[in-house]
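In: Please work out how this folds:
(one chain, ligands or ions: 2)
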Amino acid sequence: MVARYVESSRLPTAWGVFDMHGFEDVESNKEHIVLTMGDVGDGAPVLSRVHSECLTGDAFSSMRCDCGPQLDAALEAIAKEGRGALFYLRQEGRGIGLLNKIKAYKLQDAGADTVEANEQLGFGADMRDYSILKPMIHHLNITAVRLMTNNPRKVKALEEHGVNVVERIALHTGANPHNEKYLSTKAGKLGHMMDETG
Ligand SMILES: Nc1nc2c(ncn2[C@@H]2O[C@H](COP(=O)(O)OP(=O)(O)OP(=O)(O)O)[C@@H](O)[C@H]2O)c(=O)[nH]1
Ligand SMILES: [Zn+2]
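Out: Numbering: from 1, shown residues only. Ligands and ions are numbered 1, 2, ... in the order given. From the prediction side, this is the model:
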């Protein structure tokens with residue numbers, strides 16, 4: 001996967017003023033964003049979040065998942081420290097796309113769990129490719145992170161790209177009666193670490 005840095009600007013948000021860096025994935029034409037705060041290229045571990053796009057959760061406050069509260073919590077934590085990076089990757093629906101996610105939700109409404117629904121549609125359980133991170137990390141000169149995630153695959157992906165993950169910070173927020181099955185499937189079938197407090 002080849003990504004090209006395009007431009008940066010300021011982005012004032014409810015949590016504080018971030019720097020927004022835009023990258024273009026020249027193979028898929030997808031546009032990815034990194035929001036940073038402070039000097040992230042000084043070699044010290046950077047409080048980071050690798051967030052996969054979820055239009056329904058991030059923008060519409062969907063309660064089918066925990067994405068919106070996780071995004072908010074990550075931006076808030078970075079702003080509180082005054083330094084950090086949020087990689088916003090356009091891997092909607094764990095890589096199957098928004099319209100396929102709607103098809104998966106329909107199958108879930110009929111009883112399937114998130115993994116079974118993906119499989120019934122002919123996809124793997126998780127189709128995300130994290131290689132897009134590499135040019136972003138290099139451009140920002142990030143060599144070590146403290147990663148906010150429950151997903152061990154993200155830790156592995158960053159380490160494969162030469163980033164030292166010095167700490168994994170659990171991100172448990174956004175549980176509600178509508179996403180109970182979704183969260184238990186993440187823990188039971190997708191390897192997410194959901195039990196610890198944090
Ligand atoms: N295919 C599919 N994708 C979903 C579903 N619900 C949420 N997603 C997508 O899942 C992605 C978020 O991944 P999660 O598995 O919730 O969490 P994670 O990013 O692996 O792990 P954390 O870092 O702990 O949040 C987003 O791209 C969502 O659009 C679903 O039911 N089916
Ligand atoms: Zn979501």
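
In: can you give me the offset of the longest helix out of those in the chain from its chain's centre?
Out: Using DSSP state H, we find that the single longest helix of the chain is helix 67-81. Counting by C-alpha atoms, centre = their mean, to the nearest Å, helix 67-81 is centred 12 Å from the centre of its parent chain.

In: Counting neighbours, which bits of it end up buried?
Out: Within helix 67-81, the residues that qualify as buried are Cys67, Gly68, Pro69, Gln70, Leu71, Asp72, Ala73, Ala74, Leu75, Ala77, Ile78, Ala79, counting by 16 or more other C-beta atoms under 10 Å. From N, CA and C alone the C-beta is placed, and that goes for glycine too.

In: got it, and stretch 149-166?
Out: For stretch 149-166, a neighbour-count test (16+ other C-beta under 10 Å) marks Thr149, Asn150, Asn151, Lys154, Val155, Ala157, Leu158, His161, Val163, Val165 as buried.

In: Phi, psi for Ala110 please.
Out: phi -90, psi 10 (degrees, to the nearest 10).

In: that older thread, for the buried residues of helix 67-81, could you give me CSV that also reports distance to ligand 2?
Out: Formatted as CSV, those follow (distance: C-beta to the ion, whole Å):
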residue, distance to ligand 2
Cys67, 3
Gly68, 7
Pro69, 10
Gln70, 8
Leu71, 9
Asp72, 12
Ala73, 14
Ala74, 14
Leu75, 16
Ala77, 19
Ile78, 20
Ala79, 22
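
In: near ligand 1 too, which of the residues you listed?
Out: Among these, the residues lying close to ligand 1 (C-beta under 6 Å from any ligand atom) are Cys67, Gln70.

In: Show me the two of the buried residues of helix 67-81 that sit farthest apart.
Out: Spatially, the most separated pair among the buried residues of helix 67-81 is Cys67 and Ala79, at 18.7 Å (C-beta to C-beta).

In: Which SSE is immediately downstream of the longest helix of the chain?
Out: Counting by DSSP states H and E, the element after helix 67-81 in chain order, helix or strand, is strand 84-89.

In: Surely Ile142 is in contact with Val165?
Out: No - judged on C-beta atoms under 8 Å, Ile142 makes no contact with Val165 at a distance of 11.2 Å.

In: In helices, which of the buried residues of stretch 149-166 appear?
Out: Using DSSP H, the members of these that fall in helices are Lys154, Val155, Ala157, Leu158.
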